[in-house]
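Trainee: Take a look and give me a structure for this.
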Amino acid sequence: MIDKKTNYLNLIENLNNLLEFDHFEVSILANSSALLKQMLKDVNWVGFYILFNDELYLGPFQGKVACSTIRVGYGVCGTCVEKRIPIVVPDVHQFPGHIPCDENTKSEIVIPIFVQGKLYGVLDLDSKKPNRFTSIDLRFLEQVAVVISKHLEREAMQLRNL
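Mentor: The predicted structure follows:
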């Protein structure tokens with residue numbers, strides 16, 4: 001069994017290869033969520049919420065049916081957007097204002113995604129395991145967000161050139 005760091009390095013390499021020739025926002029996000037769900041152990045939900053005005057709208061994801069909108073400042077995702085920083089929650093039941101989309105979720109990590117310097121949305125991962133997400137997850141998921149951002153920026157540039 002490979003260690004967590006090696007798994008993330010493999011994931012980032014696979015993600016770059018997967019998205020290299022992808023030029024459509026929805027498929028970039030859909031394939032990213034699928035690869036993350038496939039390669040990360042003990043993750044029951046992974047997906048994206050996309051910021052529009054003062055609300056986050058559900059984007060591509062893997063897992064159970066989820067909340068379709070979240071207001072900025074509410075729940076873990078909305079708080080991440082409000083503060084513009086990643087949030088690691090070891091026990092979601094201890095997070096004030098947690099929005100329980102899946103009652104089995106015990107821990108969560110949310111990473112902001114910036115595209116062309118603007119807050120685009122968040123990458124959200126949930127686990128049924130308490131304390132699932134560590135500083136290693138935080139460090140590498142921030143790198144994953146940068147990879148996704150790079151591909152979304154490329155896609156946005158190509159759309160402008162049409």
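Trainee: and the most centrally placed residue in the chain, what is it in contact with?
Mentor: Most central in the chain under C-alpha atoms, centre = their mean is Leu123, positioned 1.5 Å from the mean C-alpha point. Neighbouring residues of Leu123 by C-beta atoms under 8 Å, 6 or more residues apart in numbering: 46-48, 110-111, 113, 141, 144-145, 148. C-betas here are computed from N, CA, C, even on glycine.
Trainee: From the residues you listed, pick the one nearest Phe61.
Mentor: Sorting the contacts of Leu123 by distance to Phe61 puts Gly47 at the head of the list, at 2.4 Å, by C-beta to C-beta.
Trainee: ok, that closest one - how many residues close by?
Mentor: Burial measure for Gly47: 23 neighbouring residues, criterion other C-beta atoms under 10 Å.
Trainee: Show me the beta-bridge partners of it.
Mentor: On the basis of DSSP bridges, Gly47 takes part in beta bridges with Phe61, Asp124.
Trainee: Test my guess that it contacts Cys67.
Mentor: No - applying C-beta atoms under 8 Å as the test, Gly47 and Cys67 come out as separate, 10.6 Å apart.
Trainee: Find residues that contact each of those two.
Mentor: With C-beta under 8 Å, 6+ apart applied, the overlap between the contact sets of Gly47 and Cys67 consists of Leu58.
Trainee: still on that earlier bit, generate a PyMOL selection restricted to the buried subset of the contacts of Leu123.
Mentor: Selecting the buried subset of the contacts of Leu123 in PyMOL, with 16 or more other C-beta atoms under 10 Å as the burial test, is done by:
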select buried, resi 46+47+48+110+111+113+141+144+145+148
